[in-house]
Each structure stands twice: as structure tokens, then as C-alpha cells.
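[1] how would this look folded up:
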Amino acid sequence: GSGSGSGSGSGSGAITLHGSTGSCSCDAATTLLDCSSLGLTTQDLEEDAPHGLADGCPNLESISFIANLLTDLPVNLFSELTSLQTLFLDHNQIGFIDQMTFHGLSSLSVISMQDNPTVVLDAFLFQDLISLNTLICNGTVVCTFDNNMLLCPTGPGDSFSQVEIDEILSCGITTTTTTTTTS
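    Next comes the predicted model:
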């Protein structure tokens, strides 16, 4: 490699994710990472990208983890991927996403997670997603949707986080609270 030495990280310059049926890799020049149908598990991601994808692939704009075996996402997997615009998590077994998973992803505009079980989303999950306009899912998302805002309860007595989303497609939005406001 003829690296320019501008990177401050201690990354090897490339990351390869190994699934049971294949692998996918990326480096600093990669903008599209296609890791679909590789039999990837959450443990695979934690082992192959312990410091997150930005450690070797800081310029990713689109990531596909379609049709894998993911049950959740390592909290730091997408950290510092400030160019990330689209994220495809369809056809996995994701049931929970930690509130810090999408921290700082200011360019992320589309999240697709069709064919996952009931996904519990924390309110703070969306607080940095200032560009998010499309959320695609055909499972059940435990949040409320009101007036172009996705409202996710963080817990008893906590306030709601509000994110404007233009398109929420095939989402069975439910609520974990029973309070309703009528005017």
C-alpha cells in the first residue's frame, strides 16, 4: 500500500468480514460494501471488525447486510461512518438495536430492515440521524408514529425523541405505552 499517512487510526487499512458461506471486504477506497447472503452472525462482525468498520473503511456510503444471521448489531460497528447514506439490514433476525448503534451518522438517510422479528428501537437511536427520511420494515417496530414524527419511548418517565421521517414503509408501528392525547 502507498498510504499517505493521513489516517490517525491503527487500522490495517482493510477489513474482511468472514461468514459461513463467504466473505466481504472493504478498504479506504470502498464506498459500497455488499455483505449480503454470507451467513454472517453478530459474533462474526465483533471478531472481524472489533473497532468498527470505519477503522479500515471510513468512506462507506452504502452497506448491505441483507440475508444474514444477525441477531443484533455491535454498538461500534458503524461508528464514525459520517458518509454512510443507506443501510440494508433486511432478512436477518435482528430484534434489538442499541441506542448508540447509529451515533453520529449524520448522513444516513435510508434504513431498510424488512423481514426481521419485532424490533425494539430506543428513542436515542435516532437522535443523531438528522438526514434520515426513509425507514423500511415489515415487522413490528415498537414506537409510535404521529405527525411525521417517529416517537420511541425510552422508559418510564422519559421524554420522547422526535425524528421527522418522510416515508415509513410497511411498518407495523405499535406503541409500548397506553396513553393517548385527544384534543
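[2] which regions of the chain sit below the pLDDT cut-off?
    Scanning the chain with the threshold set as pLDDT under 70 gives 1-12, 122-123, 139-164, 169-183.
[3] Do a quick rundown of the helices in it.
    42-48 (DSSP state H).
[4] Apart from its chain neighbours, what residue comes closest to Ser37?
    In space, and not counting its chain neighbours, Ser37 is closest to Ala67: 4.4 Å by CB to CB, 6 or more residues apart in numbering. For every residue, glycine as well, the C-beta is placed using N, CA and C.
[5] Gly56 too?
    Ile15 is the one closest to Gly56 (CB to CB, 6+ apart), at 3.9 Å.
[6] tell me the contacts of that neighbour?
    Neighbouring residues of Ile15 by CB atoms under 8 Å, 6 or more residues apart in numbering: 25-27, 48-49, 53, 55-57.
[7] List just the nearest of those residues to Phe126.
    Comparing the contacts of Ile15 against Phe126 with CB to CB places Leu53 closest, at 20.0 Å.
[8] any idea how far Ile63 is from the closest one?
    Leu53 is 7 Å from Ile63, where distance means CB to CB, to the nearest Å.
[9] any shared contact partners between these two?
    Joint contacts of Leu53 and Ile63 (CB under 8 Å, 6+ apart) are 33, 78.
[10] If you count neighbours, what's buried in stretch 65-82?
    Residues of stretch 65-82 classed as buried by neighbour count (16 or more other CB atoms under 10 Å): 65-70, 72-81.
[11] Report the backbone C-alpha coordinates of it in CSV.
    The C-alpha trace of stretch 65-82 is given here as CSV (Å, rounded to 0.1, in the frame of the first residue of the first chain):
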residue,chain,number,x,y,z
PHE,A,65,-26.1,-7.0,5.4
ILE,A,66,-29.2,-8.5,3.6
ALA,A,67,-30.0,-12.2,4.3
ASN,A,68,-27.6,-13.0,7.1
LEU,A,69,-27.9,-14.4,10.6
LEU,A,70,-27.6,-11.1,12.6
THR,A,71,-29.5,-11.0,15.9
ASP,A,72,-28.2,-7.6,16.8
LEU,A,73,-25.6,-5.1,15.8
PRO,A,74,-22.2,-4.4,17.5
VAL,A,75,-22.6,-0.9,19.1
ASN,A,76,-19.5,0.4,17.4
LEU,A,77,-19.9,-1.2,14.0
PHE,A,78,-21.0,2.0,12.2
SER,A,79,-19.1,4.5,14.5
GLU,A,80,-17.6,7.4,12.7
LEU,A,81,-19.1,6.4,9.3
THR,A,82,-20.1,10.0,8.6
